[in-house]
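A.B. asks: the following block contains a protein sequence and its predicted model.
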Amino acid sequence: MMRRLFLLLIALLAVACSPSPPDAGQRYDAWRQHADAGELADYERLLAQAGVREVVPMSALLRSSRRWRTCDAPEFLLPPREKAAAIVPVLRVIAQLERLGIVEGGNARSGYRSVELNHCSGGSSRSRHLLNNALDFDLVDDTRVQALCDFWRTQGSSLGMGLGFYTPTMIHIDTAGHRTWGTDHHRGTSLCVSPVGRSSDAAPNRRTP
Ligand SMILES: [Zn+2]
C-alpha cells in the first residue's frame, strides 16, 4: 500500500514538474528569433509613424489564422511590404473600439493571410485578409455586440467599416466599405441586423419569448 502511494506521489511530482507548452507570447518570441528583423522593424516603424503602433501588440497583430495548426501554417506572418500600410485604417477603427471597451487589442486572432492559408482557413477568394486590410477578434463576451453594432451604425459609414460575425464573440473587421454580415456571409444573418444587436430590441429587461 505504502509503495503504491509512493509511486503515485512520484507520478504526480513528475506531471507537476514537466515543462508546460509555450504560450502564445513565448511562441511569438521564438518566431521572432527567426523572422526577417529588417522587415519586422520596417513594419513597426510604419505603424509608429501612422500613430497606431500601440493599438494591437505585434504578437497579436501578426497572428495568421485561427486554423494555423490544422493548416500546417506558421502561427505568425509578416505582410509583404506593398501591403503593410493597408492595416493602418483598420487599426484606427480598432483604436476607437478599444477606447469604448468593446475590443481588446491582444485578442486579435487573424490578420494578414497568404492565399494558401486563407483558402485553408475558409476565407473567401476576395477576403481582405489577403490584402492585410482585415483583423479578426475574439470579444470577451457577447454583451459587447450591441455597443459594437451601435458603433458600426453611427461610425461605420465614414470609416468604411466592414463588420462580420463568425459567432457572437468571433468577429471580423475591415475597411473595405460599410457593410455587415453573419455566418452565411449575408447581411441578414449579421447580429447588427437580426434582433440581438438591434438597439430597439435590446432594451433593459426586455425578454424574448
Ligand atoms: Zn476575417
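C.D. replies: Perfect, I can see it now. Numbers count the residues shown, from 1 in each chain.
A.B. asks: which SS state does the closest residue to the ion within the chain fall under?
C.D. replies: The ion sits closest to residue 172 of the chain, with a gap of 3.3 Å, by Cβ to the ion. For the C-beta atoms, the positions are set from N, CA and C on the backbone; glycine is no exception. Three-state call for residue 172 (DSSP: H, G, I helix; E, B strand; the rest coil): strand.
A.B. asks: count of residues packed around it?
C.D. replies: Around residue 172 sit 21 other residues, with neighbours defined as other Cβ atoms under 10 Å.
A.B. asks: can you give me the pLDDT of it?
C.D. replies: pLDDT, residue 172: 97.
A.B. asks: and if you look at residue 136?
C.D. replies: For residue 136, pLDDT reads 97.
A.B. asks: grab the nearest non-local neighbour of it.
C.D. replies: residue 110 (4.0 Å; Cβ to Cβ, 6 or more residues apart in numbering).
A.B. asks: ok, now residue 43?
C.D. replies: Residue 43's closest residue in space is residue 84 (Cβ to Cβ, 6+ apart), at 5.4 Å.
A.B. asks: count of neighbours near the one you found?
C.D. replies: Count around residue 84 with other Cβ under 10 Å applied: 18.
A.B. asks: tell me the secondary structure of it, please.
C.D. replies: Classified using three-state DSSP, residue 84 is helix.
A.B. asks: that one against residue 111, yeah?
C.D. replies: No - between residue 84 and residue 111 there is no contact under Cβ atoms under 8 Å: 11.1 Å.
A.B. asks: identify the contacts common to these two.
C.D. replies: Common contacts of residue 84 and residue 111 (Cβ atoms under 8 Å, 6 or more residues apart in numbering): residue 132.
A.B. asks: residues of the protein that sit close to the ion?
C.D. replies: Residues of the chain found near the ion, taking Cβ under 5 Å from the ion as the criterion, are 134, 136, 172.
A.B. asks: mind listing what the second one touches?
C.D. replies: Shown here is residue 136, whose contacts under the criterion Cβ under 8 Å, 6+ apart are 66, 108, 109, 110, 111, 129, 166, 170, 171, 172, 173.
A.B. asks: contact partners for the fourth one?
C.D. replies: It refers to residue 110. 63, 64, 65, 66, 121, 129, 134, 135, 136 are the contacts of residue 110 under Cβ under 8 Å, 6+ apart.
A.B. asks: and with 10 Å instead?
C.D. replies: With contacts defined as Cβ atoms under 10 Å, 6 or more residues apart in numbering, residue 110 is in contact with 60, 63-68, 77, 117-118, 121, 123, 127, 129, 134-137, 170, 172.
A.B. asks: in which helix or strand does the closest residue to residue 175 other than its chain neighbours reside?
C.D. replies: Nearest residue to residue 175, sequence neighbours excluded (Cβ to Cβ, 6+ apart): residue 89, at 4.2 Å. Per DSSP states H and E: residue 89 is located in helix 88-99.
A.B. asks: how about the helices of this structure, start to end?
C.D. replies: Listed in chain order, the helices of the chain (DSSP state H) span 2-17, 24-34, 37-49, 58-61, 88-99, 115-120, 145-159.
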